[in-house]
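**Student:** okay, predicted coordinates and the sequence, questions at the end:
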Amino acid sequence: MSEDKITIATVEAELPAVHQYAERHQWQMAWNPEALRLTFDGTHPGDGRPLRIVADVTGYRGLPPSWTFEDPANGKAKLFPRPKNLRGNTGSIFHRNQRRICAPFNRLAYKEHGGPHGNWGGPANWLQVKKNRQVRAIHLADMLAVIVGHLHASPGVM
């Protein structure tokens, strides 16, 4: 079986839970298996602006997805949530300077993919990273839940 077919089968096995979470939190989910891309359209809870969360799942589970934000009006990656610490002073996963979701489940957080983290052992090690327990997520629905949870602390988009 090709790597893409394995990825598609893996993602599709998780889709019922992802869809249920998205629906409960008013995010419209779309799955494009040809592009290996999940999109979630909704509104930012802080300022009500339309926002799209995107997961490129190429190589998923061997590698974490690449999570980004897009403006649903034009598909450009110019919108990004303003960070704000969660209750209990847990830091935000929204990295203001690099405009990245800084969590072990985001491939783009790793130095090898332009991110700030060279200390997590590389993206292939993503399931073993335990440093950030508040943002540990090993399934797509959990990842979406962490992102949406941090969006609720964010006052709006930059």
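**Tutor:** Here it is on my side, so go on.

**Student:** quick one, strands of this protein?
**Tutor:** In the chain, the strands defined using DSSP state E lie at 28-32, 37-43, 50-56, 66-70, 94-95, 100-101.

**Student:** closest to residue 3 out of those strands?
**Tutor:** Minimum separation from residue 3 across the strands of the chain (C-beta to C-beta) falls at strand 50-56, 14.1 Å. Using the backbone N, CA and C atoms, a C-beta is placed for each residue, glycine as well.

**Student:** that closest one versus strand 28-32: what angle between them?
**Tutor:** Using axes from the mean of the first three to the mean of the last three C-alpha atoms, to 10 degrees, the inter-axis angle of strand 50-56 relative to strand 28-32 is 30 degrees.

**Student:** so what pairs up with the residue most central in space within the chain in the strands?
**Tutor:** Central residue of the chain (C-alpha atoms, centre = their mean): residue 67, 3.8 Å from the mean position. Applying DSSP bridges to residue 67 gives these bridge partners: residue 55.

**Student:** tell me, how many neighbours does the nearest residue to residue 86 once chain neighbours are set aside end up with?
**Tutor:** Residue nearest to residue 86 in three dimensions, not counting chain neighbours: residue 153, with 4.9 Å by C-beta to C-beta, 6 or more residues apart in numbering. Residue 153: 19 surrounding residues under other C-beta atoms under 10 Å.

**Student:** good, wrapping up.
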